[in-house]
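Colleague: Make a model of this:
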Amino acid sequence: MTPIKLEAAMKKDERDPDFATTLAKGLTILSAFRPDRLRMSNAELAEIAGITRPTAARLTYTLTKMGYLKAEKSKYRLGWRVVSLGLPLLSSLRFLQLAKPSVDRLAQDVGGTVSIGVIDSTNFMYLETARANENIWSSPDVGTVGPLLRATVGHALCSLLNEDELAAKIEAIRRKSPEDWKTHGNAFLKGIDDCRSSGASIIKGDWVPETNSVGAPLFRNADGEVFAINCRVPIHRLRPGQFEEEIAPRLKSLASAIRTHAAHAKDDRLFK
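Modeller: Sure, this is the predicted structure:
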(Lines give C-alpha, C1' and ligand atoms only; values in the text may rest on other atoms or scores of the structure.)
Protein backbone atom coordinates (compact mmCIF):
# COMPACT_ATOMS: atom_id res chain seq x y z
CA MET A 1 0.00 0.00 0.00
CA THR A 2 1.43 3.38 -1.03
CA PRO A 3 1.66 6.02 1.71
CA ILE A 4 -0.22 9.29 1.30
CA LYS A 5 1.88 11.75 -0.71
CA LEU A 6 3.51 14.29 1.56
CA GLU A 7 2.10 17.24 -0.39
CA ALA A 8 -1.43 16.04 0.33
CA ALA A 9 -0.76 15.98 4.06
CA MET A 10 1.01 19.34 4.00
CA LYS A 11 -1.87 21.11 2.23
CA LYS A 12 -3.88 20.72 5.41
CA ASP A 13 -1.05 22.01 7.58
CA GLU A 14 0.58 24.70 5.45
CA ARG A 15 -1.03 27.42 7.57
CA ASP A 16 -0.11 25.73 10.86
CA PRO A 17 2.99 27.48 12.25
CA ASP A 18 3.66 24.57 14.62
CA PHE A 19 3.79 21.96 11.85
CA ALA A 20 7.40 20.68 11.50
CA THR A 21 7.72 20.05 7.76
CA THR A 22 11.21 18.51 7.90
CA LEU A 23 10.12 16.05 10.58
CA ALA A 24 7.07 15.14 8.50
CA LYS A 25 9.28 14.46 5.49
CA GLY A 26 11.60 12.23 7.51
CA LEU A 27 8.73 10.20 8.92
CA THR A 28 7.27 9.86 5.43
CA ILE A 29 10.57 8.36 4.28
CA LEU A 30 10.51 5.81 7.11
CA SER A 31 6.87 4.90 6.46
CA ALA A 32 7.55 4.29 2.75
CA PHE A 33 9.15 0.90 3.44
CA ARG A 34 6.95 -2.19 3.16
CA PRO A 35 7.48 -5.97 3.07
CA ASP A 36 7.47 -5.77 -0.74
CA ARG A 37 9.74 -2.69 -0.70
CA LEU A 38 12.57 -3.58 1.66
CA ARG A 39 15.31 -1.67 -0.17
CA MET A 40 14.88 1.58 -2.08
CA SER A 41 17.01 4.25 -3.71
CA ASN A 42 16.69 7.99 -3.12
CA ALA A 43 14.85 8.28 -6.42
CA GLU A 44 12.33 5.60 -5.41
CA LEU A 45 11.82 7.13 -1.97
CA ALA A 46 11.36 10.58 -3.47
CA GLU A 47 8.69 9.26 -5.85
CA ILE A 48 6.79 7.38 -3.16
CA ALA A 49 6.98 10.17 -0.58
CA GLY A 50 6.22 12.93 -3.10
CA ILE A 51 9.37 14.94 -2.40
CA THR A 52 12.37 15.96 -4.51
CA ARG A 53 15.36 13.68 -4.92
CA PRO A 54 17.81 16.12 -3.24
CA THR A 55 15.45 16.34 -0.25
CA ALA A 56 15.24 12.55 -0.10
CA ALA A 57 19.05 12.33 -0.22
CA ARG A 58 19.46 14.72 2.72
CA LEU A 59 16.87 12.83 4.75
CA THR A 60 18.31 9.39 4.05
CA TYR A 61 21.80 10.66 4.94
CA THR A 62 20.54 12.00 8.27
CA LEU A 63 18.44 8.95 9.06
CA THR A 64 21.39 6.68 8.25
CA LYS A 65 23.65 8.67 10.59
CA MET A 66 21.05 8.25 13.34
CA GLY A 67 20.70 4.51 12.77
CA TYR A 68 17.14 4.52 11.45
CA LEU A 69 18.28 3.60 7.93
CA LYS A 70 21.05 1.32 6.68
CA ALA A 71 22.86 2.13 3.43
CA GLU A 72 23.52 -0.82 1.10
CA LYS A 73 25.32 0.27 -2.08
CA SER A 74 22.95 2.73 -3.76
CA LYS A 75 19.87 1.75 -1.76
CA TYR A 76 18.58 1.96 1.79
CA ARG A 77 16.73 -0.34 4.15
CA LEU A 78 15.34 0.27 7.62
CA GLY A 79 17.88 0.15 10.43
CA TRP A 80 17.36 -1.83 13.61
CA ARG A 81 16.84 1.32 15.66
CA VAL A 82 13.38 1.62 14.09
CA VAL A 83 12.30 -1.41 16.14
CA SER A 84 12.90 0.51 19.36
CA LEU A 85 10.31 3.13 18.38
CA GLY A 86 7.38 0.73 18.54
CA LEU A 87 8.52 -1.46 21.42
CA PRO A 88 7.33 0.76 24.29
CA LEU A 89 3.88 1.09 22.71
CA LEU A 90 3.43 -2.63 22.08
CA SER A 91 4.80 -3.49 25.54
CA SER A 92 2.19 -1.24 27.12
CA LEU A 93 -0.64 -3.28 25.59
CA ARG A 94 -0.76 -5.99 28.24
CA PHE A 95 -3.88 -7.57 26.79
CA LEU A 96 -1.89 -8.69 23.72
CA GLN A 97 0.32 -10.82 25.94
CA LEU A 98 -2.69 -12.21 27.77
CA ALA A 99 -4.47 -13.03 24.51
CA LYS A 100 -1.56 -14.59 22.64
CA PRO A 101 -1.94 -18.25 23.78
CA SER A 102 -5.63 -18.32 22.87
CA VAL A 103 -5.04 -16.48 19.59
CA ASP A 104 -2.32 -18.99 18.66
CA ARG A 105 -4.58 -21.92 19.54
CA LEU A 106 -7.48 -20.73 17.40
CA ALA A 107 -5.22 -20.15 14.40
CA GLN A 108 -3.82 -23.67 14.65
CA ASP A 109 -7.22 -25.29 15.29
CA VAL A 110 -8.85 -23.76 12.21
CA GLY A 111 -5.79 -23.76 9.95
CA GLY A 112 -5.96 -20.02 9.38
CA THR A 113 -4.80 -16.63 10.58
CA VAL A 114 -5.98 -14.69 13.63
CA SER A 115 -5.02 -11.03 14.04
CA ILE A 116 -5.67 -8.13 16.41
CA GLY A 117 -5.75 -4.66 14.90
CA VAL A 118 -6.30 -0.94 15.45
CA ILE A 119 -7.38 1.98 13.25
CA ASP A 120 -4.69 3.89 11.35
CA SER A 121 -6.40 6.74 9.47
CA THR A 122 -8.60 5.00 6.84
CA ASN A 123 -6.70 1.74 7.30
CA PHE A 124 -6.34 -0.92 9.94
CA MET A 125 -2.97 -2.02 11.30
CA TYR A 126 -2.24 -5.43 12.83
CA LEU A 127 -0.62 -5.44 16.28
CA GLU A 128 -0.56 -9.21 16.69
CA THR A 129 -0.92 -12.12 14.29
CA ALA A 130 -0.96 -15.88 14.75
CA ARG A 131 -1.15 -18.34 11.89
CA ALA A 132 -1.14 -22.00 10.98
CA ASN A 133 2.50 -22.92 10.28
CA GLU A 134 1.95 -23.68 6.61
CA ASN A 135 0.65 -20.14 6.03
CA ILE A 136 3.78 -18.44 7.32
CA TRP A 137 4.89 -16.89 4.03
CA SER A 138 1.52 -15.75 2.72
CA SER A 139 -0.23 -14.39 5.82
CA PRO A 140 -0.30 -10.87 7.25
CA ASP A 141 1.95 -10.05 10.18
CA VAL A 142 2.53 -7.34 12.79
CA GLY A 143 2.52 -3.93 11.11
CA THR A 144 0.45 -5.04 8.12
CA VAL A 145 -1.97 -2.35 6.96
CA GLY A 146 -5.08 -2.63 4.83
CA PRO A 147 -8.32 -0.77 4.06
CA LEU A 148 -10.95 -0.52 6.79
CA LEU A 149 -13.56 -0.54 4.04
CA ARG A 150 -12.90 -4.04 2.74
CA ALA A 151 -11.86 -6.06 5.79
CA THR A 152 -13.89 -7.59 8.60
CA VAL A 153 -11.42 -6.25 11.15
CA GLY A 154 -12.21 -2.81 9.70
CA HIS A 155 -15.94 -3.40 10.16
CA ALA A 156 -15.34 -4.50 13.75
CA LEU A 157 -13.11 -1.54 14.56
CA CYS A 158 -15.53 1.00 13.14
CA SER A 159 -18.45 -0.57 15.01
CA LEU A 160 -16.81 0.71 18.22
CA LEU A 161 -16.83 4.34 17.04
CA ASN A 162 -19.58 6.71 18.12
CA GLU A 163 -21.86 8.11 15.45
CA ASP A 164 -19.95 11.38 14.97
CA GLU A 165 -16.64 9.51 14.71
CA LEU A 166 -18.11 7.00 12.30
CA ALA A 167 -19.56 9.73 10.08
CA ALA A 168 -16.14 11.45 9.95
CA LYS A 169 -14.42 8.15 9.15
CA ILE A 170 -16.88 7.37 6.36
CA GLU A 171 -16.34 10.82 4.87
CA ALA A 172 -12.55 10.33 4.96
CA ILE A 173 -12.86 6.93 3.28
CA ARG A 174 -15.17 8.30 0.59
CA ARG A 175 -12.77 11.15 -0.16
CA LYS A 176 -9.75 8.88 -0.37
CA SER A 177 -11.32 5.94 -2.24
CA PRO A 178 -14.55 7.03 -3.99
CA GLU A 179 -14.59 4.10 -6.41
CA ASP A 180 -13.97 1.56 -3.65
CA TRP A 181 -16.77 3.15 -1.64
CA LYS A 182 -19.19 2.70 -4.53
CA THR A 183 -18.27 -0.99 -4.72
CA HIS A 184 -17.88 -1.88 -1.05
CA GLY A 185 -19.67 0.85 0.92
CA ASN A 186 -22.90 -1.07 1.46
CA ALA A 187 -21.04 -4.17 2.65
CA PHE A 188 -18.97 -1.99 4.98
CA LEU A 189 -22.07 -0.46 6.58
CA LYS A 190 -23.73 -3.88 6.86
CA GLY A 191 -20.59 -5.28 8.49
CA ILE A 192 -20.66 -2.51 11.10
CA ASP A 193 -24.35 -3.19 11.79
CA ASP A 194 -23.67 -6.94 12.07
CA CYS A 195 -20.87 -6.32 14.59
CA ARG A 196 -23.13 -4.12 16.68
CA SER A 197 -26.13 -6.45 16.54
CA SER A 198 -24.62 -9.94 16.54
CA GLY A 199 -20.98 -9.39 17.54
CA ALA A 200 -19.30 -10.24 14.23
CA SER A 201 -19.03 -9.49 10.51
CA ILE A 202 -18.37 -12.14 7.85
CA ILE A 203 -16.87 -11.64 4.38
CA LYS A 204 -16.40 -14.45 1.88
CA GLY A 205 -13.56 -14.12 -0.65
CA ASP A 206 -13.46 -10.33 -0.93
CA TRP A 207 -10.35 -8.45 0.25
CA VAL A 208 -8.23 -11.62 0.27
CA PRO A 209 -9.45 -13.95 -2.52
CA GLU A 210 -10.18 -17.59 -1.77
CA THR A 211 -10.58 -16.94 1.97
CA ASN A 212 -13.45 -16.39 4.37
CA SER A 213 -12.98 -13.82 7.12
CA VAL A 214 -14.83 -12.99 10.33
CA GLY A 215 -14.15 -9.94 12.50
CA ALA A 216 -15.31 -9.12 16.03
CA PRO A 217 -14.94 -5.94 18.12
CA LEU A 218 -12.88 -6.09 21.30
CA PHE A 219 -13.01 -2.84 23.28
CA ARG A 220 -12.26 0.86 23.48
CA ASN A 221 -9.49 1.89 25.85
CA ALA A 222 -9.21 4.90 28.14
CA ASP A 223 -7.47 6.88 25.39
CA GLY A 224 -10.40 6.33 23.03
CA GLU A 225 -8.53 3.85 20.81
CA VAL A 226 -10.45 0.84 19.52
CA PHE A 227 -9.27 -2.74 19.08
CA ALA A 228 -10.75 -5.66 17.13
CA ILE A 229 -9.88 -9.22 16.15
CA ASN A 230 -10.40 -11.24 12.97
CA CYS A 231 -9.91 -14.77 11.69
CA ARG A 232 -9.21 -15.65 8.06
CA VAL A 233 -9.33 -19.22 6.70
CA PRO A 234 -8.68 -20.51 3.15
CA ILE A 235 -11.95 -21.65 1.60
CA HIS A 236 -10.52 -25.02 0.55
CA ARG A 237 -10.06 -25.95 4.22
CA LEU A 238 -13.68 -25.36 5.16
CA ARG A 239 -16.55 -27.81 5.31
CA PRO A 240 -19.98 -26.52 4.21
CA GLY A 241 -21.39 -24.34 6.98
CA GLN A 242 -18.28 -24.65 9.15
CA PHE A 243 -17.36 -20.99 9.00
CA GLU A 244 -20.73 -19.69 10.17
CA GLU A 245 -21.51 -22.52 12.61
CA GLU A 246 -18.10 -23.11 14.20
CA ILE A 247 -15.40 -20.57 13.41
CA ALA A 248 -17.40 -17.33 13.73
CA PRO A 249 -18.84 -18.38 17.13
CA ARG A 250 -15.34 -19.37 18.32
CA LEU A 251 -13.97 -15.96 17.36
CA LYS A 252 -16.81 -14.18 19.16
CA SER A 253 -16.15 -16.34 22.22
CA LEU A 254 -12.45 -15.51 22.06
CA ALA A 255 -13.23 -11.80 21.80
CA SER A 256 -15.41 -12.05 24.90
CA ALA A 257 -12.66 -13.93 26.78
CA ILE A 258 -10.06 -11.31 25.83
CA ARG A 259 -12.31 -8.55 27.16
CA THR A 260 -12.80 -10.43 30.43
CA HIS A 261 -9.12 -11.25 30.94
CA ALA A 262 -8.10 -7.70 30.06
CA ALA A 263 -10.55 -6.26 32.57
CA HIS A 264 -9.24 -8.59 35.30
CA ALA A 265 -5.66 -7.50 34.53
CA LYS A 266 -6.51 -4.23 36.34
CA ASP A 267 -4.89 -2.04 33.72
CA ASP A 268 -6.30 1.37 34.60
CA ARG A 269 -5.66 2.69 31.08
CA LEU A 270 -7.51 -0.14 29.38
CA PHE A 271 -11.17 0.75 29.70
CA LYS A 272 -13.17 3.92 30.13
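Colleague: C-alpha from now on. contacts and neighbour counts both.
Modeller: Noted.
Colleague: and residue 59, what is it in contact with?
Modeller: Residues in contact with residue 59 (Cα atoms under 8 Å, 6 or more residues apart in numbering) are 25, 26, 29.
Colleague: Now do the domain split for this structure, please.
Modeller: 6-82, 93-264 (automatic domain parsing).
Colleague: Looking at the ones you listed, which one is packed in the most?
Modeller: Neighbour counts (mean count of other Cα atoms under 10 Å) averaged over each of the domains of the chain peak at domain 93-264, with a mean of 19.
Colleague: pLDDT of that one, averaged?
Modeller: The average pLDDT within domain 93-264 is 91.
Colleague: measure residue 131 to residue 102 for me?
Modeller: From residue 131 over to residue 102 the distance is 12 Å, taken as Cα to Cα, to the nearest Å.
Colleague: I meant to write residue 20 there.
Modeller: According to Cα to Cα, residue 20 stands 43 Å off from residue 102.
Colleague: that older thread, same list, the contacts of residue 59, but as CSV with secondary structure, distance to residue 98 and pLDDT please.
Modeller: Listed next are those as CSV, based on DSSP: H, G, I helix; E, B strand; the rest coil; distance: Cα to Cα, whole Å; pLDDT from 0 to 100:
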residue, secondary structure, distance to residue 98, pLDDT
25, helix, 37, 92
26, helix, 35, 93
29, helix, 34, 94
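Colleague: Now for the residue lying closest to residue 161 once chain neighbours are set aside: which residues touch it?
Modeller: If the residues on either side of it in the chain are set aside, residue 161 comes closest to residue 226, at 7.7 Å by Cα to Cα, 6 or more residues apart in numbering. Contacts for residue 226 were tallied using Cα under 8 Å, 6+ apart; they are 118, 119, 157, 160, 161, 218, 219, 220.
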